[in-house]
Structures are given as structure tokens and as C-alpha cells.
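Participant: Task: produce atomic coordinates for the following.
(one chain, ligands or ions: 1)
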Amino acid sequence: MNPSANTQRLDPGAGTSGGESAKLLADLIYLSAANDSSRSFLQAASGELNSFSKSKQTVVVQGVKGQWRILAATDGKLKPEALPVELLAEVLDTERCQSGGGWIASPLNRPMDSGQLLVQQTDKTDEIAFDVLAAALGVGLKAYRVRSGANKRVQQLEALLQMTAGWNQSRETDALLIEIAEASTRLVGAERATIFLPNSNNTELIGKPALGVEDGTLRIPINAGVVGQVMSTGEPARVDEDISSEQKQIDRSVDEQLGFQTRTLLCVPMKNAEGKTIGAFELINRNEGNFTDRDQAALEELASHATIAIDTTQHVEHLETVRRTVATQAADEVNLIGESEGIKKLKSTVERVADTELAILITGENGTGKEVVAQMIHYLSGRRDEVLVAVNCAAISETLLESELFGHEKGAFTDAHQAREGKFELANGGTLFLDEIGDMSLGGQAKLLRVLEEKVVVRVGGSVPIPTTARVVAATNQDLAALVGEKKFREDLFFRLNVVMIEIPPLRERGDDVILLAEHFLSNFCAKARRETPKISAAARNRLLTHRWPGNVRELRNMMERLAYLSEGDQIRPDDLAFVNAPQKENADSGIAMDLPLTDATKEFQIDYIQRHIDHCGGNVTEAAQRMGLHRSNLYRKMKQLGMSDD
Ligand SMILES: Nc1ncnc2c1ncn2[C@@H]1O[C@H](COP(=O)(O)OP(=O)(O)OP(=O)(O)O)[C@@H](O)[C@H]1O
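Facilitator: Have a look, this model is predicted:
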């Protein structure tokens with residue numbers, strides 16, 4: 001053979017034309033595209049080459065660790081022992097075509113990374129021509145590999161896309177981990193998959209899912225075995241079947257925990273957007289042979305999608321936990337104090353109707369605790385983890401109330417620069433508390449009735465019906481039935497809201513509850529004021545019990561707040577309550593003319609009383625309302641009634 005020859009010809013036999021050679025090449029390329037396994041390609045190509053060179057037989061072999069493996073042969077019964085092994089070994093060593101003893105062999109590619117040879121049993125010895133033939137087969141095989149690699153990649157990406165599409169919608173980490181693990185074992189073809197995430201104090205790795213472990217959770221020290229190594233280096237690791245067990249670094253204690261024998265293993269790091277390793281993704285026991293570079297690339301791709309999905313799901317879970325905690329804290333703060341018969345009855349009604357979908361109307365004087373009852377209903381219902389939205393219908397002008405409740409579209413009115421969702425949408429799934437429902441305009445009532453009946457809202461300026469699942473709880477301090485009689489409140493809406501009526505008794509009818517409430521508020525405010533709670537003396541208790549409490553619980557609460565900050569000593573005495581029972585000094589002579597009729601005198605007194613409070617609070621109406629035991633909106637209404645100006 002002439003090693004320096006570079007004029008390669010495809011002339012394996014007499015009578016072979018250039019056209020036939022070109023056809024052979026075209027056939028090999030066609031075969032590389034038409035076959036879907038390398039074995040079937042080599043088998044078909046061997047047949048072509050055999051008839052092209054008119055040889056006795058054509059074989060493709062691969063040398064693996066001193067053994068010859070037949071990859072394709074025109075004689076299906078050929079055994080490796082029948083091959084010219086010495087000649088083949090020489091080809092392997094020299095990486096050149098060799099012939100002798102009726103055989104000729106040449107490498108499929110150079111440098112010889114795969115150990116694959118084309119071998120023919122023939123009388124011909126034109127090594128240059130045979131070299132070209134082997135190279136042509138090598139090119140065909142490479143073309144097959146490139147195409148099939150690209151096809152596999154496309155299939156893998158399609159499968160990956162399909163699998164990961166649903167992951168980001170997951171709301172529960174454990175279920176997501178199982179889904180990811182199953183997807184990866186299917187994609188790569190392995191027996192098991194486990195995802196390891198560190199515990200909160202970074203001392204252990206928690207592996208899930210872990211089949212064979214009691215709660216499906218595997219716990220290993222943070223730096224144990226291959227997984228620990230991947231966590232600390234941030235680099236992938238592989239364990240092949242045929243390396244010695246000392247080299248394997250496999251943590252056999254894990255196998256013991258799982259009742260499982262690990263043969264091969266592939267583990268890749270899971271990295272977040274900042275490149276930090278936040279976990280490890282492990283596949284165990286490839287179905288066939290060792291894990292490959294392609295498996296590793298696929299698992300790395302899966303791991304990057306899994307990292308995002310797990311991160312999102314953990315975030316959602318965290319938010320859910322926070323939401324439940326906040327709801328529990330809010331629920332714990334709702335405490336309807338009182339042991340009187342009226343309050344006991346009320347509590348038992350609330351407990352019975354809270355977790356139903358019944359419409360509820362709460363009635364009672366100002367400051368009796370209507371909002372507290374609405375909160376109890378919400379927190380005792382299945383909606384407790386959702387929002388409770390309160391709207392005071394008296395505090396919002398008629399025109400704004402509609403957009404407040406139902407929302408508005410951009411441009412619906414002059415100031416509607418942006419579309420905005422209404423309280424019904426905000427309270428979806430939760431409770432909408434409509435306070436002072438008696439103050440709603442007739443137009444608003446008509447719209448509200450439609451929403452309650454059709455369970456959809458239409459934003460002001462919009463036309464799209466938006467479904468609502470908010471539960472409405474309404475409250476009023478007015479006599480709604482009387483308003484219906486005066487045609488100020490729609491009868492149909494009254495019946496719609498009034499399926500269950502909860503009447504809150506005024507404080508003056510609750511007997512000793514006054515003392516319970518006083519002590520409750522006093523100790524709360526004293527805690528805030530960082531002082532010991534003073535005792536309420538027997539005489540002071542008496543005074544509290546005999547007061548008429550026009551402002552109800554709110555008035556009592558405000559008084560206790562003042563006492564917590566202003567009273568001195570360790571006892572509340574009747575004198576401290578003087579301003580409750582007796583008119584204050586400055587009010588002693590009201591200066592109201594004696595010749596006025598009672599209604600006018602009352603009006604004048606009210607104007608004077610309100611004005612003094614507002615002056616006393618430096619114009620702060622909210623504070624003044626509090627001091628008078630009124631809700632701010634009610635004070636405004638009262639002022640309007642009395643003809644007082646807002647400013
Ligand atoms: N039984 C109760 N136990 C504890 N606190 C109460 C009770 N009743 C009322 N309160 C407190 O009194 C104040 C007034 O109660 P709330 O706002 O619920 O009354 P309301 O009837 O809704 O008033 P308005 O008619 O002015 O809207 C609140 O601070 C509330 O927490």
C-alpha cells in the first residue's frame with residue numbers, strides 16, 4: 001500500500017465506471033436518510049458495497065476492548081471468530097487499509113475514534129480504492145448520525161415542550177415533583193428520578209419523589225454521595241455501569257433506604273436565574289447501557305424548566321400560607337364580646353348561617369357592632385381565606401357608588417382615565433359587606449338587585465358581563481321595611497337581602513355586657529398605652545350600667561380609649577366618668593333660648609354640639625365623629641340634615 005497516495009479513485013473492480021461510483025455514493029446518502037437505525041443503515045450499505053465491488057462478503061465491525069463486534073454483514077451467519085482478526089488488529093493499530101489472505105479492511109473514519117472498520121472478503125488488493133470505499137461508508141454513517149441526532153433532538157424538544165407546558169400552572173410542589181420525575185424517566189428512559197432540594201437550614205437534602213420510602217421523602221446529608229458533590233460543585237456527574245464500585249461514589253445507604261440497586265446514575269445541578277445551585281436532579285438506572293451526553297443535555301434542559309416551575313410553585317405555596325395566616329390572624333381578632341341573652345342568641349344564629357349562601361341583613365343602631373357581626377359571618381364561612389370587602393353606601397355619592405361597586409371602563413366618565421375593577425370583582429370568592437344599604441339610591445338598588453339575581457356585573461361604561469361569586473351581607477341602622485313603605489327602598493331588593501335578618505340589640509339592652517365590653521376595651525387600650533389596666537370601681541361600674549349609651553359600643557369603646565390614656569391611678573372612679581353622665585362644665589348653660597319650640601331647640605343644640613366637637617378636634621371630622629360615638633359618614637349625613645356646611 002502507498003500511504004502517501006492522495007489520488008483516491010473509486011475503482012474497486014475492473015469495468016467500474018465513474019458513473020457507477022457516483023451512483024454508489026448517491027445510494028449511500030439515500031440509505032442514510034431512508035433508515036431509522038444505524039444498524040439497518042450499515043446492513044443496507046454493506047449489501048450495496050458488496051455488489052458494487054463484487055466481493056464474496058462485506059462486513060462492518062467494531063473493535064471494543066480487544067473484541068470484535070459485527071455491526072452488519074452480508075452473511076447473516078458470520079461469527080466474529082471467522083474474521084481475519086490479526087489483519088483487523090493491524091488496521092486498528094496503523095489506522096490504514098490493510099489486505100492479505102483474501103481479506104481487505106479499512107477504517108470508516110480517521111482519526112479512528114469509534115474503532116469501526118469496513119471489511120471485505122475479496123481477491124482484490126487495491127487498498128487506495130478500498131480506502132475510498134470505506135471513507136464513503138463513513139461519510140454515509142456520519143450523515144445518518146447527524147440527521148438522526150437532529151430528529152431525536154426535535155422529538156425530544158417537542159416532548160419537553162409538551163411536558164413543561166403544564167408545570168407552571170402547578171400549585172402544589174409535591175405533585176409537581178412527581179410529574180417532573182415521571183416526565184424525565186420517560187424522556188431519557190431510566191428507572192427512577194428524584195429531585196433534591198435543601199431543607200430550610202441547609203443541613204439536609206430532601207429528595208422527592210422517593211419510591212419505596214414511607215412518606216415518599218428521602219433525607220440525606222447535604223454533602224453525601226454524588227448528589228452532594230453536584231450540589232457543592234454545581235457540575236453534572238455521571239456514574240457508569242462498568243466502573244469499579246470504589247470509583248462509583250454511590251451512597252449505598254440511600255439504596256438501602258430505597259430498597260434499590262443503583263447501576264448507573266446521572267445527576268445535574270438545578271440552577272436559578274442567578275446561576276446559584278438550588279437543587280439537584282438525579283436519574284437512576286438507564287434502561288439500556290450507560291447515560292450518554294445526549295441524556296445529560298436533555299436532563300439539563302429539563303432541570304432548567306423544572307427549576308423555574310418549582311420556584312414558581314413554591315412561591316405560590318408560600319403566598320397561600322401567608323394568606324391563610326393573615327386570614328387566621330384577622331379571624332382571631334374578631335371577637336364579639338357579650339354574655340347577655342340577646343348576644344348569645346345572636347352568636348348562635350351567626351354560627352348557623354355563616355357557612356351557608358343565605359342572604360343576610362344585619363340591623364341595629366349605630367355603633368352596635370354590625371360590622372363585627374359581618375366579619376364573624378365571613379370568618380366562620382368557607383370563604384374565610386378569601387377577602388372581605390366593606391363598602392359604606394352612605395359615605396359615597398350616588399354617582400360614584402355605582403362605579404365603586406361594579407367598576408368602570410376607561411373613559412366611562414370624565415375622570416375615568418383608567419379601567420378599574422369594582423368591589424364585586426375584588427370580593428370574588430369572598431364576602432362583600434354593604435353597610436348602610438338603606439342609603440343606596442333607587443338606581444343603585446336596581447343595579448344591585450340585578451347583580452344578586454344574575455350573578456354577573458357589568459362595569460360602568462362597559463357591556464361585558466363579568467361573573468361574580470361574592471357573597472353579599474348587608475347592614476342598616478334604618479327601618480328598611482318602613483323605607484319600603486315610603487317607596488325609598490325597593491321591595492324586591494328588601495326581600496332578596498332579607499332572607500335572614502340578624503338584629504343586634506342596642507347596648508342599653510345588654511345588661512352586664514357593658515362591663516365585659518368596658519373591661520375588654522380598657523385592657524386592650526392600656527396594653528397599647530403600655531400601662532397597667534386600672535380596676536373599674538364598683539361605683540364606676542354602676543354609672544356605666546345606668547348610662548343610656550346613645551352611641552352604643554362605639555361610644556363605650558371611645559370612652560375606654562380616653563380613660564386608658566388620660567385617667568390616673570389604678571382605679572377608674574365615678575369622677576373619671578363624670579363627663580359621661582353629667583354635662584360638661586362648658587355645656588352647663590347651653591345658651592339656647594327658652595322660647596324656642598323643642599324641635600328647633602334640639603336642632604340648635606345639635607348644631608352647637610357638633611360644632612364644638614369639630615372645633616375641639618381642630619376641624620378633624622373623623623376624630624370629632626369618634627368622640628361623639630358616630631361613624632364619620634353618619635356625622636356628615638347629620639350635618640347635611642341640620643344644614644351645616646361641610647367645611
Ligand atoms: N360585641 C362587641 N365586641 C367587641 N367589640 C365590639 C362589639 N360590638 C362593637 N364592637 C366595636 O365597636 C365599634 C363599633 O362597631 P361596628 O363598627 O361594628 O358598629 P356598626 O354597627 O357597624 O356601626 P355603624 O352603624 O356606625 O356602621 C368597633 O370598634 C367594634 O370593634
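Participant: which parts of stretch 449-456 are buried?
Facilitator: Buried residues in stretch 449-456, counted by 16 or more other Cβ atoms under 10 Å: 449, 451-452. The C-beta positions use only the backbone N, C-alpha and C, and glycine is treated the same way.
Participant: And these, which is closest to the ligand?
Facilitator: Of all the buried residues of stretch 449-456, the ligand sits closest to residue 452, with 21.2 Å by Cβ to the nearest ligand atom.
Participant: tell me which element that closest one falls in.
Facilitator: Here residue 452 sits within helix 442-454, counting by DSSP states H and E.
Participant: pLDDT averaged over that helix - what is it?
Facilitator: Per-region confidence: helix 442-454 scores 91 on mean pLDDT.
Participant: Within range of the ligand, give me the residues from this protein.
Facilitator: Neighbours of the ligand within the chain, by Cβ under 6 Å from any ligand atom: 335-338, 364, 366-372, 435, 477, 517, 553-554, 557, 631, 634.
Participant: Any chance of a ChimeraX selection covering the buried ones in the residues you listed?
Facilitator: A single ChimeraX command suffices to select whichever of these are buried according to 16+ other Cβ under 10 Å:
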select :337,338,364,366,367,368,369,370,371,372,435,477,517,553,554,557,631,634
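Participant: Filter the residues of the chain next to the ligand down to the ones in helices?
Facilitator: Here DSSP state H is the test, and these give 370-372, 517, 553-554, 557, 634 as lying in helices.
Participant: Looking at these, which gets the smallest pLDDT?
Facilitator: residue 634 (87).
Participant: That residue touches residue 366, doesn't it?
Facilitator: Yes. Residue 634 lies in contact with residue 366 (Cβ atoms under 8 Å); the separation is 5.9 Å.
Participant: Now do the shared contacts for those two.
Facilitator: Listed as contacting both residue 634 and residue 366 by Cβ atoms under 8 Å, 6 or more residues apart in numbering are residue 477.
Participant: Which strand residues bridge residue 266?
Facilitator: On DSSP bridges, the residues paired with residue 266 through beta bridges are residue 238, residue 283.
Participant: May I have the residues that are in contact with it?
Facilitator: With contacts defined as Cβ under 8 Å, 6+ apart, the neighbours of residue 266 are 188, 190, 236-239, 282-283, 286, 291, 295-296, 299.
Participant: again, only this time at 7 Å
Facilitator: Residue 266 makes contacts with 238, 283, 291, 295-296, 299, as judged by Cβ atoms under 7 Å, 6 or more residues apart in numbering.
Participant: Please report how far it lies from residue 281.
Facilitator: 9 Å (Cβ to Cβ, to the nearest Å).
Participant: Now for those two: what residues contact both?
Facilitator: Between them, residue 266 and residue 281 share the contacting residues residue 299, judged by Cβ under 7 Å, 6+ apart.
Participant: ok so, going back, want to throw the contacts of residue 266 into JSON lines with neighbour count, distance to residue 572 and pLDDT?
Facilitator: Shown next, in JSON lines, are these (neighbours: other Cβ atoms under 10 Å; distance: Cβ to Cβ, whole Å; pLDDT from 0 to 100):
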{"residue": "238", "neighbour count": "18", "distance to residue 572": "78", "pLDDT": "91"}
{"residue": "283", "neighbour count": "28", "distance to residue 572": "73", "pLDDT": "92"}
{"residue": "291", "neighbour count": "25", "distance to residue 572": "79", "pLDDT": "92"}
{"residue": "295", "neighbour count": "21", "distance to residue 572": "79", "pLDDT": "89"}
{"residue": "296", "neighbour count": "18", "distance to residue 572": "77", "pLDDT": "92"}
{"residue": "299", "neighbour count": "24", "distance to residue 572": "73", "pLDDT": "90"}
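Participant: for the chain, what are the low-confidence residue spans?
Facilitator: Judged by pLDDT under 70, the chain has its weakly predicted residues at 1-18, 211-214, 242-255, 257-258, 578-596, 646-647.
Participant: could you list every residue that touches the closest residue to the ligand within the chain?
Facilitator: For the chain and the ligand, the shortest gap (Cβ to the nearest ligand atom) falls at residue 369, measuring 2.6 Å. By Cβ under 7 Å, 6+ apart, the contact list for residue 369 reads 336, 504, 553.
Participant: swap in residue 549?
Facilitator: Counting by Cβ under 7 Å, 6+ apart, residue 549 makes contact with 507-508, 555-556.
Participant: so what's the residue nearest the centre of the chain closest to, chain neighbours aside?
Facilitator: Residue closest to the mean C-alpha point of the chain, counted by Cα atoms, centre = their mean, is residue 316 at 2.8 Å. In space, residue 316 comes closest to residue 171 once its chain neighbours are excluded; the distance is 5.4 Å by Cβ to Cβ, 6 or more residues apart in numbering.
Participant: neighbours of the one you found, just the number please.
Facilitator: Counted with other Cβ atoms under 10 Å, residues neighbouring residue 171 total 11.
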